[in-house]
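Enquirer: have a look at this fold, sequence not included:
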């Protein structure tokens, strides 16, 4: 669902007032955090979706990495997961087994335990995980702390929705470019999360279905700041910008509709860039804000630990609350 539809669906639900609820009750929050003791918080999230690749094992890996990413964005360590599987039995249980095996391998790689799950017969395959992690509340990161003067860092290229749409519609995508993207989608954000924990990060989210601008808007709204993004600094997959207008129909358009009233776009920014940054991502990187004086050190640490696509893409300033797009 798009962010506007989701917010309408949540209208009228009375908020819970449990004082142990630290996070997760805001419309842009991507996890829930519940305090069990002074030094222990459990962080929970859930995510599942239809296949984005043809290979069922790879699909399982990507779906699991995507779900676990929410935990890494808060600084939490994954401890357990539950499968969520909707599957047409006519496709054969071998295919279902490959999906589940791919997911299980990623959970194992994350150092967490797979505790079972739930399945239903469905006309269209869907798979994902409900995940739980733990974190010290003093070290937990949310979307609510970005401060004027912070730099904005993105740890992965964007354009996965566009490239997968091109592949699905038989547009040309080179084997090398497609493999680069699918490898990145199946990669855990554990390294980026571990590096981030060594720096005074003020906010973080992972970039997934609401696109780069949608998730940046969640930080801006929760932190009451303006986030400026420089288009030329944003890492993207080859061919994504050139095909953005044609291959962001649906989800990208819904994301754009939600943020457009809060978007201050320079006249030098082309429409294709706007739509690229609204492109829904699957298992994308982390979007981090950190004080400017430590941004270069964090970026170098990320690159040094293998997050080579990481880049400083903008900065945080005082209001108006929203996003500014610069060339």
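Expert: Here it is on my side, so go on. Since we're looking at a predicted model, the values are computed, not measured. Numbers count the residues shown, from 1 in each chain.

Enquirer: from now on I want contacts and neighbour counts done on CA atoms only, so please keep to that.
Expert: Noted.

Enquirer: the helix or strand that contains residue 222: how far from the chain's middle?
Expert: Using DSSP states H and E, residue 222 sits within helix 211-223. Taking C-alpha atoms, centre = their mean, to the nearest Å, the mean C-alpha location of helix 211-223 is offset from the chain mean by 11 Å.

Enquirer: would you mark the buried spots in the next helix or strand after that helix?
Expert: Later in the chain than helix 211-223, the nearest helix or strand by DSSP H and E is strand 226-230. By neighbour count on 16 or more other C-alpha atoms under 10 Å, the buried set for strand 226-230 is 226, 227, 228, 229.

Enquirer: let me know the angle separating the helix holding residue 222 from strand 226-230.
Expert: Using axes from the mean of the first three to the mean of the last three C-alpha atoms, to 10 degrees, the direction of helix 211-223 lies 160 degrees away from that of strand 226-230.

Enquirer: who touches helix 211-223?
Expert: 28-29, 143-147, 158, 203-208, 226-227, 252, 255-256, 258-259, 277-281, 287, 321-323 (C-alpha atoms under 8 Å, 6 or more residues apart in numbering).

Enquirer: tell me what angle the lowest-mean-pLDDT helix or strand in the chain forms with helix 211-223.
Expert: Ranked by mean pLDDT, DSSP states H and E, the helix or strand of the chain with the weakest confidence is helix 3-10, at a mean of 82. Counting by the same axes, to 10 degrees, helix 3-10 lies at 50 degrees to helix 211-223.

Enquirer: and the contacts of stretch 288-296?
Expert: The contact list for stretch 288-296, computed with C-alpha under 8 Å, 6+ apart, reads 146-147, 149-154, 199-205, 312, 316.

Enquirer: burial count for residue 97?
Expert: Per other C-alpha atoms under 10 Å, the neighbour tally for residue 97 reads 14.

Enquirer: which secondary structure state is assigned to it?
Expert: Three-state call for residue 97 (DSSP: H, G, I helix; E, B strand; the rest coil): helix.

Enquirer: wouldn't residue 45 be in contact with residue 130 here?
Expert: Yes. If you go by C-alpha atoms under 8 Å, residue 45 and residue 130 touch, sitting 5.8 Å apart.

Enquirer: now do the shared contacts for those two.
Expert: Common contacts of residue 45 and residue 130, defined by C-alpha under 8 Å, 6+ apart, comprise residue 67.

Enquirer: tell me the pLDDT of residue 27.
Expert: pLDDT for residue 27: 67.

Enquirer: which ones are touching the nearest residue to residue 155 once chain neighbours are set aside?
Expert: Closest residue in space to residue 155, ignoring its immediate chain neighbours: residue 310 at 3.9 Å, by C-alpha to C-alpha, 6 or more residues apart in numbering. Under the criterion of C-alpha under 8 Å, 6+ apart, the contact list for residue 310 reads 153, 154, 155, 156, 157, 235, 299, 302, 303.

Enquirer: neighbour count and pLDDT added to those residues, as TSV?
Expert: Shown next, in TSV, are the contacts of residue 310 (neighbours: other C-alpha atoms under 10 Å; pLDDT from 0 to 100):
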residue	neighbour count	pLDDT
153	26	98
154	27	98
155	26	98
156	26	98
157	20	98
235	18	98
299	22	98
302	22	98
303	17	98
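
Enquirer: which of these sits closest to residue 273?
Expert: For the contacts of residue 310, the residue nearest residue 273 by C-alpha to C-alpha is residue 235; the value is 11.8 Å.
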